[in-house]
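In: fold the following, please.
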Amino acid sequence: MADTTPDPLPPTPPARPPSLSLAEVAALARRAHEGRTDKAGRPYAEHLAAVAAGVRERGGSDEQIAAAWLHDAVEDGVLAPEWLAGAALTGATKAMITAVTKRAGEPAEEYAARILATPGALLVKESDLAHNADPARLAVLDAPTRARLTAKYARMRALLGLA
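Out: Predicted coordinates:
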């Protein structure tokens, strides 16, 4: 006699925790960088908002926009790598943040190669460089700093194929 017992159903995969919304990511980034200023003395959150807006204007995804908001958080030490590993963000967003996080002593060529090898990261870095190299932003810096940063940003653009 044939066995008519139905095959057991596969186990239900565990529910994925919800990802932070873009509004929550923006609020988190603003809190993490609270009290910090950029080289021009402006609130650091203005830079983060400009990079996120640049990604949006360039047609970036929500994951890329989230990465833009948090692109400097680990590099600047305001959020720990361990926080990022456990954060309620997609794997793609975490990968982009990791890719654009410059490591101490890292050659520019290695940094650029990591960005180019990570899907979505180039757009985040392109927006970051565009805001960093904004002539109005650079104009408030002293001439030697302005010249050094202009050359640094141009070199990175060239390494990324954006020149």
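
In: the longest helix in the chain is where?
Out: Secondary structure of the chain per DSSP state H: the longest helix is helix 143-159.

In: quick one: contacts of it?
Out: Contacts to helix 143-159, defined as CB atoms under 8 Å, 6 or more residues apart in numbering, come from residues 39, 108-109, 111-112, 125, 129, 132-133, 138-139, 141, 163. All C-beta spots, glycine's among them, are computed from the backbone N, C-alpha and C.

In: in that helix, what counts as buried?
Out: By neighbour count with 16 or more other CB atoms under 10 Å, helix 143-159 contains the buried residues 146, 149, 153, 156, 157, 159.

In: try stretch 87-97
Out: Neighbour counts over stretch 87-97 (16+ other CB under 10 Å) mark 87, 89, 90, 92, 93, 94, 95, 96, 97 as buried.

In: for residue 46, state which of those is nearest.
Out: Among the buried residues of stretch 87-97, residue 97 lies closest to residue 46 (CB to CB), at 19.4 Å.

In: any regions of the protein where pLDDT drops low?
Out: 1-17 (pLDDT under 70).

In: that one: helices as residue ranges?
Out: Secondary structure of the chain (DSSP H): helices at 22-32, 44-57, 62-69, 81-86, 91-100, 108-117, 121-132, 135-138, 143-159.

In: which other helices and strands contact the fifth one?
Out: If I follow you right, that is helix 91-100. When contacts are defined as 3 or more CB pairs under 8 Å, 6 or more residues apart in numbering; DSSP states H and E, helix 91-100 packs onto helix 62-69, helix 81-86, helix 108-117, helix 121-132.

In: residues making contact with the second one?
Out: With CB under 8 Å, 6+ apart as the test, helix 81-86 has contacts from 70, 73, 74, 94, 97, 98.

In: same thing but 6 Å
Out: Contacts to helix 81-86, defined as CB atoms under 6 Å, 6 or more residues apart in numbering, come from residues 74, 94.

In: just the CA trace of that helix, in CSV.
Out: Extracted as CSV, the C-alpha positions of helix 81-86 are listed here (Å, rounded to 0.1, in the frame of the first residue of the first chain):
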residue,chain,number,x,y,z
PRO,A,81,31.8,49.0,12.7
GLU,A,82,30.1,46.7,15.1
TRP,A,83,27.0,48.9,15.1
LEU,A,84,27.0,48.9,11.3
ALA,A,85,27.2,45.1,11.2
GLY,A,86,24.1,44.8,13.3
